[in-house]
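**Q** the sequence and its predicted three-dimensional model are supplied below.
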Amino acid sequence: MNITEVRVKLTEGKKNRLQAFCSITIDDDFVVRDLKVIEGHKGTFVAMPSRKLTDRCPNCGGKNHLMAQYCNDCGTKLNEKRASRGAGRLKLHADTAHPINSNCRELIQEKVLTAFREEVDKSKQPGYKPPKYEDIEDVDYDDLIDDLESEKNDT
């Protein structure tokens, strides 16, 4: 596997754990979007694309995020302890794409973090203008930052 392009979109809030959104192109043929560069407790790492886990309301069957306190459809109060804990952490997301071995994970992490650090260095130059990428521009930053903060508070 050859990662032929990495696109990096830095987030604006320097106090957020979420540092950037990225996409990678594999062999000039396949694109993976929504990778995230996150400042973790043990250092910066790359999070794979993921989706929020949901469950169904016991009253109406409506779909709700696991952190929802009330059903979005009928307003029924939901059990607050219905999210599963894997290895002690509250599991709120599931990867939608991910490497299946450590060599691939390390390759992706190295390429993305190198591109991220280069973009951070560029951003410190006078007159820096962030690159514009249509495939990264439509991300809901506030929603993701809220999710990261709620996961941080649950650990």
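**A** Happy to help now that I have it.

**Q** now the longest helix along the chain: buried residues?
**A** The single longest helix within the chain, with elements called by DSSP state H, is helix 102-123. Buried residues in helix 102-123, counted by 16 or more other Cβ atoms under 10 Å: Ile108, Gln109, Lys111, Val112, Leu113, Ala115, Phe116, Glu119. The C-beta positions use only the backbone N, C-alpha and C, and glycine is treated the same way.

**Q** swap in stretch 29-45?
**A** Val32, Arg33, Asp34, Leu35, Lys36, Val37, Ile38, Thr44.

**Q** contact partners of that stretch?
**A** Residues from elsewhere that reach stretch 29-45 (Cβ atoms under 8 Å, 6 or more residues apart in numbering): 8, 17-26, 46-50, 97, 108-109, 112-113, 116, 135-136, 139, 144, 148.

**Q** repeat that for 7 Å
**A** 17-25, 46-49, 97, 109, 112-113, 116, 135, 139 (Cβ atoms under 7 Å, 6 or more residues apart in numbering).

**Q** pull out the buried members of these.
**A** By 16+ other Cβ under 10 Å, the contacts of stretch 29-45 give 17-24, 46-49, 109, 112-113, 116, 139 as buried.

**Q** which ones among those are found in helices?
**A** Going by DSSP H, the helices hold Gln109, Val112, Leu113, Phe116 from those.

**Q** if I look at Pro58, how far off is Cys22?
**A** 38 Å (Cβ to Cβ, to the nearest Å).

**Q** sorry, slip of the keys, the one I care about is Thr54.
**A** From Thr54 over to Cys22 (counting by Cβ to Cβ), the distance is 25 Å.

**Q** ok, now Thr96?
**A** 15 Å.

**Q** would you map out the domains in this structure?
**A** Using the TED database, the domains assigned to the chain come out as 1-49+96-147, 53-93.

**Q** dump those to a markdown table, plus mean pLDDT.
**A** A markdown table is the format used below for the domains of the chain (pLDDT from 0 to 100):
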| stretch | mean pLDDT |
| --- | --- |
| domain 1-49+96-147 | 88 |
| domain 53-93 | 84 |
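
**Q** now for the closest residue to Ala68 other than its chain neighbours, how many residues are close by?
**A** Distance criterion Cβ to Cβ, 6 or more residues apart in numbering; nearest residue to Ala68, sequence neighbours excluded, is Leu78 at 6.0 Å. When neighbours are defined as other Cβ atoms under 10 Å, Leu78 has 22 of them.
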